[in-house]
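**Student:** Next comes the sequence, and after it the predicted model I'd like to discuss.
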Amino acid sequence: MEKIEILGLIAAALTTSSFIPQVYKAWKFKSTKDISLTMYMVFIIGTVLWLIYGIAINSLSVMVANTITTVFALFIIIAKIKYK
């Protein structure tokens, strides 16, 4: 694995893990009233496009980060709709 890909994996771990507190809070308190559904919808479109890009250039860090981030963002959207 190239050193630059390791840097990408570290960046991916940090940015992706930043969603964990929001996911936890939404799940624990069953509240998403201060979360913008539109922002998360647009965000998911972006992460899916990044995932496609990562597949196209065969970048493990881009693929992993955007797969996990998309799952976290989907959870927030589902919670937003469910706990409305």
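**Tutor:** Here it is on my side, so go on.
**Student:** How many residues are close by Val42?
**Tutor:** For Val42, the count of nearby residues is 10 (other CB atoms under 10 Å). The way it works is simple: take the backbone N, C-alpha and C, and place the C-beta from them, glycine included.
**Student:** mind listing what's buried in the strand or helix carrying Ile44?
**Tutor:** Take DSSP states H and E as the rule and Ile44 turns out to sit in helix 37-57. By neighbour count on 16 or more other CB atoms under 10 Å, the buried set for helix 37-57 is Tyr40, Phe43, Ile44, Thr47, Trp50, Leu51, Gly54.
**Student:** mind listing what the third one touches?
**Tutor:** If a contact means CB atoms under 8 Å, 6 or more residues apart in numbering, then Ile44 has Thr70, Ala73, Leu74, Ile77 as its contacts.
**Student:** Same check on the fifth one?
**Tutor:** Applying CB under 8 Å, 6+ apart to Trp50 gives the contacts Val62, Ala65, Asn66.
**Student:** just those now: which is nearest Tyr24?
**Tutor:** Comparing those against Tyr24 with CB to CB places Ala65 closest, at 19.0 Å.
**Student:** And the pLDDT at the closest one?
**Tutor:** pLDDT recorded at Ala65 is 93.
**Student:** gap between it and Ser31?
**Tutor:** 27 Å (CB to CB, to the nearest Å).
**Student:** Which secondary structure state does the spatially most central residue of the chain sit in?
**Tutor:** When CA atoms, centre = their mean is applied to the chain, the residue found nearest the centroid is Thr69 (1.7 Å). At Thr69 the chain is in helix, as set by DSSP: H, G, I helix; E, B strand; the rest coil.
**Student:** Compare Ala65 and Ser31 (neighbour count), which wins?
**Tutor:** Regarding Ala65 and Ser31, a neighbour count based on other CB under 10 Å identifies Ala65 as having more, with 23 against 13.
**Student:** ok so, going back, for the contacts of Ile44, pick the one with the most neighbours.
**Tutor:** Ala73 leads the contacts of Ile44 on contacts (other CB under 10 Å) with 22 neighbours.
**Student:** Skipping adjacent residues, who's closest to it in space?
**Tutor:** Among residues not flanking Ala73 along the chain, Ile44 sits closest, at 5.0 Å (CB to CB, 6 or more residues apart in numbering).
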